[in-house]
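A.B. asks: Have a look at this prediction, sequence included:
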Amino acid sequence: MNESNKTFRDKLLDVEKPNTAYKEKYERQVQAMVEKKLTGLTRWSHIGGLVMGVFFAALFGTMAVIVPGEFPLWGRSLFALGAVFGLVFIVFEGTILKKGIVDLKKDEMAAAGLGWGFIMIVSAVVLVFSGRLPDRVVGIHMLVYTLVFEVAAAVGLLRAFIQRSELNTREKLLEIEYTIAELAEKIEAKSDK
């Protein structure tokens, strides 16, 4: 029994050296799985994201500048933050459209993270300053509205995490599949000798 285990171990150690053909094929399949060309609906969705970024940048930038003087500074700061978020989203979507490829691991997480980060900053500012409003009901309304957006951003972030986890699992399964195929080929070649 010990001899058979030693033989099997030796066989595994002999075939451990990676086969470059399998490695290249594996890397091509992983890249095909993770990077998707923009076509049809996905291209239009990213164009929509770019338009949304332009809209946010223009709307919130304008609001930060034209609000009356008695408007609170923290409110004006939130408008400026919305404009900056719009500009960041323009750059983000423009980069994806220019590449013509979306990286399902990195780009999806980045978009979800941008939305989550923005809404959390806004929520924190609203939470701190809503209690200082003369009308407490307006402050409560603001908190409820930010909570709705927090839930939407959290769903987007969870969706991105799930998609990344699924891609990681598929990538690992593909790696195992290629390793098993390579080992089987090498063991078969050695047993033919």
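C.D. replies: Perfect, thanks for sending it.

A.B. asks: could you pull out the strands for the chain?
C.D. replies: 35-37, 101-103 (DSSP state E).

A.B. asks: Next, format the ones you listed as a markdown table and append mean pLDDT, distance to Met109 and mean neighbour count.
C.D. replies: Just so you know, the C-beta spots here come from the backbone N, C-alpha and C atoms, and that holds for glycine as well. Shown next, in a markdown table, are the strands of the chain (pLDDT from 0 to 100; distance: least, Cβ to Cβ, whole Å; neighbours: other Cβ atoms under 10 Å):
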| stretch | mean pLDDT | distance to Met109 | mean neighbour count |
| --- | --- | --- | --- |
| strand 35-37 | 85 | 14 | 13 |
| strand 101-103 | 87 | 9 | 17 |
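
A.B. asks: Which among those is found nearest to Glu177?
C.D. replies: Between Glu177 and these, the shortest gap by Cβ to Cβ is with strand 35-37, which sits at 19.7 Å.

A.B. asks: Run through who's touching the closest one.
C.D. replies: Here strand 35-37 makes contact (Cβ atoms under 8 Å, 6 or more residues apart in numbering) with Thr42, Gly100, Ile101, Val102, Asp103, Leu104.

A.B. asks: between the strands of the chain, which one is nearest to Lys186?
C.D. replies: strand 35-37 (30.3 Å).
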